[in-house]
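In: need a 3D model of the sequence below.
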Amino acid sequence: MNGRIYLSGPDVTDAEEQAIVRAIRSGWVAPLGPEVDAFERELADYSDRAHAVALSSGTAALHLGLIAMGIGPGNVVLTSTMTFAATANAITYTGAEPVFVDCDGTGNIDPVLLAEAVSEFKDQGLAAIVPVDLLGKVADQGAIAEIAEAASIPVLSDAAESLGARRNGRPAASFGAAAAVSFNGNKVMSTSGGGALLTDDAAMAERVRYLATQARQPVVHYEHTEIGYNYRLSNILAALGRAQLARLDAMIERRRWIRSQYRAAFASVPGTTIFGTPDDGDNCWLTSVIVDQPDAGFSSDDLRNFLASRQIEARPLWKPMHLQPVFSQARSIVNGTSERLFRTGLSLPSGSALTDEQVQRIVSSIGDFVAGTHD
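Out: The predicted structure follows:
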């Protein structure tokens, strides 16, 4: 055994170290600076957006994006139930009510259910839709946009998991009135912690930038006319982000290769499916396997426990928000798909920093487990 293998560790090289040293030596050890400006330009170009605002987290991007859209108490925001809590939390921060919509087989929000939800809530304060790109697969943004435009409802895309992914040739963060991305430590690219809001709306970008810097008025002294937030990304972390962004496509290709190894490992195992196929446009953030216990002869939890005994981290898919105790009173429109994926899905180590030897160790462990269950 050669140490614990984690689900999605950061991929940091000499390029990132040199970028951080460059930022420190420039003297800009501050929440703003030339690295932030350059990172925002490069990120906007990469995402085919006119503007990017670098922030302290993807959650901050969702929160300020919703505020900039005028979302607040009395409003309803439709979002996917199959997501990390940050999506729902950001909606709740504004005072609005999240209403959860179930997913289709891709794990992303089901357009048919979404249309039903829009019809049901359009006269109950419905003010925005927040679709989520689950595990790096871009949602059906064409169908979502059609539904939203028909109801004159803005879309804020939660692309926290999908930076670098594409759908029909378009970058993940190019959809919606705005999109939120994350640079958390477990994402494909990381600034340790961080995020950004991307939009083509200059006024929205300016509003978010203003709110993220404590809503300070442009005068010599400190003057504030409304509540702001301390949400900006530091100059040093922006330098780290620039180095990661330059390597993003290569890191995605490495994750795609790791997925191909898992696909081969499970190819002859009955009752198992690599989640998200086809995956040509995905960023392969996390590769997951769906286990149909009656056909496989084992559960996803059996596999997870076996891998844990070999010091290999694996994790169930997101527990749907409508099943979370904190949102037990929230309204939802569900079809059972997210509950099935939570019950049967297991994400496997997927980080681009995994060595060939570590990938082989995981694949061999999967083989040992399968052989043991079919003796």
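In: could you pull out the helices in the stretch 51-200 of the chain for me?
Out: 58-68, 85-93, 111-121, 141-151 (DSSP state H, counting those that start in this stretch).
In: what's the distance between Gly125 and Ala19?
Out: 45 Å (C-beta to C-beta, to the nearest Å). Placement of C-beta: from N, CA and C, glycine included.
In: what's the local residue count around the residue lying closest to Gln358 once chain neighbours are set aside?
Out: Taking C-beta to C-beta, 6 or more residues apart in numbering, and ignoring the residues beside it in sequence, Gln358 has Ile5 as its nearest neighbour in space, at 5.4 Å. Neighbour count for Ile5, taken as other C-beta atoms under 10 Å: 23.
In: same thing with Tyr222?
Out: Around Tyr222 there are 8 residues (other C-beta under 10 Å).
In: quick one, phi/psi of it?
Out: Phi and psi for Tyr222, reported as degrees, to the nearest 10, are phi -90, psi 110.
In: what sits against it?
Out: Arg216 (C-beta atoms under 8 Å, 6 or more residues apart in numbering).
In: swap in the one 3 residues further on?
Out: Thr225 is in contact with Ala215, Gln217, counting by C-beta under 8 Å, 6+ apart.
In: quick revisit: ok, Gly125 and Ala19, which is more surrounded?
Out: Ala19 (20 against 14).
In: helix or strand for the more buried one, which one?
Out: Element membership for Ala19, per DSSP states H and E: helix 14-25.
In: I'd like the average pLDDT over that helix.
Out: Helix 14-25 carries an average pLDDT of 97.
In: related to what we said a few turns ago, tell me the most buried of the helices of the stretch 51-200 of the chain?
Out: helix 58-68 (a mean of 27; mean count of other C-beta atoms under 10 Å).
In: quick one: mean pLDDT for that helix?
Out: Helix 58-68 comes out with an average pLDDT of 98.
In: same deal with stretch 327-341?
Out: Per-residue scores along stretch 327-341 average to 97.
In: for stretch 359-375, same thing?
Out: Per-residue pLDDT over stretch 359-375 has a mean of 92.
In: which of the residues in that stretch are buried?
Out: Across stretch 359-375, burial judged by 16 or more other C-beta atoms under 10 Å covers Val359, Arg361, Ile362, Val363, Ser365, Ile366, Phe369, Val370.
In: just put these in CSV and tack on secondary structure and distance to Arg207.
Out: Listed next are the buried residues of stretch 359-375 as CSV, based on DSSP: H, G, I helix; E, B strand; the rest coil; distance: C-beta to C-beta, whole Å:
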residue, secondary structure, distance to Arg207
Val359, helix, 45
Arg361, helix, 49
Ile362, helix, 45
Val363, helix, 49
Ser365, helix, 50
Ile366, helix, 49
Phe369, helix, 52
Val370, helix, 53
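In: out of those residues, which comes closest to Glu313?
Out: Within the buried residues of stretch 359-375, proximity to Glu313 (C-beta to C-beta) peaks at Ile362, which comes in at 10.0 Å.
In: please enumerate the strands of the stretch 101-250 of the chain.
Out: Assigned by DSSP state E, counting those that start in this stretch, the strands in the stretch 101-250 of the chain fall at 126-130, 156-158, 166-167, 170-171, 178-182, 195-199.
In: possible to save the ones you listed as a markdown table with mean neighbour count and distance to Glu35?
Out: Below are those laid out as a markdown table (neighbours: other C-beta atoms under 10 Å; distance: least, C-beta to C-beta, whole Å):
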| stretch | mean neighbour count | distance to Glu35 |
| --- | --- | --- |
| strand 126-130 | 23 | 29 |
| strand 156-158 | 29 | 26 |
| strand 166-167 | 18 | 27 |
| strand 170-171 | 18 | 22 |
| strand 178-182 | 30 | 17 |
| strand 195-199 | 29 | 14 |
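In: now distance to Met251 too, for these, in TSV please.
Out: Listed next are those as TSV, based on distance: least, C-beta to C-beta, whole Å:
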stretch	distance to Met251
strand 126-130	26
strand 156-158	21
strand 166-167	15
strand 170-171	16
strand 178-182	15
strand 195-199	17
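In: all set now, cheers.
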